[in-house]
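Trainee: what follows is a predicted protein model with its sequence.
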Amino acid sequence: MGNFGIRISKDGYTVIPQEDYRRVSFDSLKNSLKIYTEAFATHSVVSLTIEPFLDDFLVTHNLGYNPLVLLYFKHPEIAKWFKAPGGGGLEFSSTWSLFGSYGYVDKDDSYAPSVNKFTYYLYDGTSRMTSSPASVDVKYFVMADPVEDAWDESVSSNTNQSLSNDFGIRAAAPGVNVFTAEKKNTIVDTSYPSLKPARCIHFASSGSEAHGFGYPPAFLGVMETGAGTGEYVSMENDSMDTTGESLLCVDSTHVYYSGTKNAYITLFANPLNE
Amino acid sequence: MSNSFGIKISKSGYDAKTASQKDLTFDSSLDTLKISKTGSIYIDLPEEALSSSSKTYTATYAHGLGYVPLIFPPIRDIKYPGDITTGGDWSVNEIYYAYLPGEGTIYIILDEIATIQSSSTYITLKVTRYDPLSTGITFGERRVTYNYNIFSNSATEEYNYLD
């Protein structure tokens, strides 16, 4: 089946031969991450009196497996977006530490594990919110792609999958019927949007840089573990740092990095504020 | 090739010729996240009492890309959710067990904490057991697993494809 398909190279690079997939923006032989659903919400978060001071919210996706999830929230006092798991507040505001996380559990079913729902949490940290309730913006992306072991190496499972758009492109994994392929087994399906990497910014030290999107973009960051180690960790869950502060956040104009180590921030042409 | 060639597909209700990049479901002038490999790595931790304040275990997968790739899900400092002594196997993909907020110095008493690292050669599952107060408590035997999605996209290469 590999004789047919679409390959598009990045500007300045030849399509064929091209073995370096960093230079290929799309190849119908490579499965790509697809957004199954996304949502923007504004939640009224209440300051609770019993630890762990959390408000939680249920998302139903009914995929039947645990999907990849990206979750972001905006700190209302400082109007900057953070990625969960992680928090923000101390470096930019001495008043309120806000932390977000999520789990593949059903809050309405005693937090039992679920393959059709997940629950996300907004924690009112040790530095409590100054006035309650407070409005917190949240954006999440639920991917059609699972977090299961080696799911892309075996793509024979199919169901009758109806086409949801009149126009577009759908390509399935080799050996899979494109008309009946499950969402996760389609290489591309333009009835589902995708995360679109549009920019990667390097920080050698703390600072901010104008990103040029005109809206707060979804993002992922990696940070070198030490000078010249060549080992990188994701910029996630920074609450173990002594400041209790996330290292990375964005707003509609800038990316902000408060660390001291080599860092690269991938920004997506997918807005957080809508 | 220049940007004169390629594919743009807009969201329903938008004109593909004039829609901004955020309103396109597909735009070949931007990148896509291309899956290179999916799989899992794990560590079988023994039953033990630590003879020092911490002990780290690692397991690696050689991805063969020659550069630092983007990986999903990103995992850093996820703590074991069960009983340190009697608890069973766990997956770091259950990121619900991220640390809760804690300002100032964080005190680790007894914990088992996992992080994923990536380099141009490997992705590494790293699990550290902590007993900083030398309590001598026995950590249980269990397996720690990480299910990964490795992308062909570099995580450490600057670019700008914005209009």
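Mentor: Cool, got the structure.

Trainee: so what pLDDT did residue 98 get?
Mentor: You didn't say which chain, so I picked chain A. Reading off the confidence values, A:L98 has pLDDT 82.

Trainee: wrong chain, I was asking about chain B
Mentor: pLDDT, B:A98: 58.

Trainee: check B:N149 too.
Mentor: 93.

Trainee: for it, what is the enclosing helix or strand?
Mentor: Per DSSP states H and E, B:N149 falls inside strand B:142-154.

Trainee: OK, contacts around A:S194?
Mentor: A:S194 is in contact with A:32-35, A:188, B:25-26, B:32-33, counting by Cβ atoms under 8 Å, 6 or more residues apart in numbering or on different chains. Every C-beta, even on glycine, is put in place using the N, C-alpha and C of the backbone.

Trainee: for B:S54, which non-adjacent residue is closest in space?
Mentor: Distances taken as Cβ to Cβ, 6 or more residues apart in numbering or on different chains place B:Y130 nearest to B:S54, at 4.9 Å, with adjacent residues excluded.

Trainee: what about that neighbour, neighbour count?
Mentor: Counted with other Cβ atoms under 10 Å in any protein chain shown, residues neighbouring B:Y130 total 19.

Trainee: one more: A:S208?
Mentor: Other residues close to A:S208 by other Cβ under 10 Å number 15.

Trainee: of all the contacts of A:S194, which two lie farthest apart?
Mentor: Farthest apart among the contacts of A:S194 by Cβ to Cβ are B:T25 and B:L33. That separation is 14.0 Å.

Trainee: least trustworthy helix or strand in chain A by mean pLDDT?
Mentor: strand A:86-88 (a mean of 73; mean pLDDT, DSSP states H and E).

Trainee: what sits against the residue nearest to B:Y159 when sequence neighbours are not counted?
Mentor: Excluding its sequence neighbours, the residue lying closest to B:Y159 (Cβ to Cβ, 6+ apart) is A:C200, at 5.2 Å. Each residue near A:C200 by Cβ under 8 Å, 6+ apart is listed here: A:264-267, B:154-155, B:157-160.

Trainee: got it, and A:H202?
Mentor: A:262-265, B:156, B:158.

Trainee: next one: A:N270
Mentor: Contacts for A:N270 were tallied using Cβ under 8 Å, 6+ apart; they are A:35, A:38, A:141, A:193, A:195-196, A:217-218, B:22.

Trainee: any idea of the angle the longest strand seen in chain A forms with strand B:142-154?
Mentor: In chain A, with assignment by DSSP state E, the single longest strand is strand A:134-146. Using axes from the mean of the first three to the mean of the last three Cα atoms, to 10 degrees, the direction of strand A:134-146 lies 90 degrees away from that of strand B:142-154.

Trainee: just the helices in chain A please.
Mentor: Using DSSP state H, no helices are found in chain A.

Trainee: for it, which residues score under the pLDDT cut-off?
Mentor: Within chain A, the segments meeting pLDDT under 70 span A:1-4, A:51-53, A:88-95, A:126, A:154-167, A:238-246.

Trainee: and the residue of it that's closest to chain B?
Mentor: Using Cβ to the nearest Cβ, A:G103 is the residue of chain A that sits closest to chain B, at 2.6 Å.
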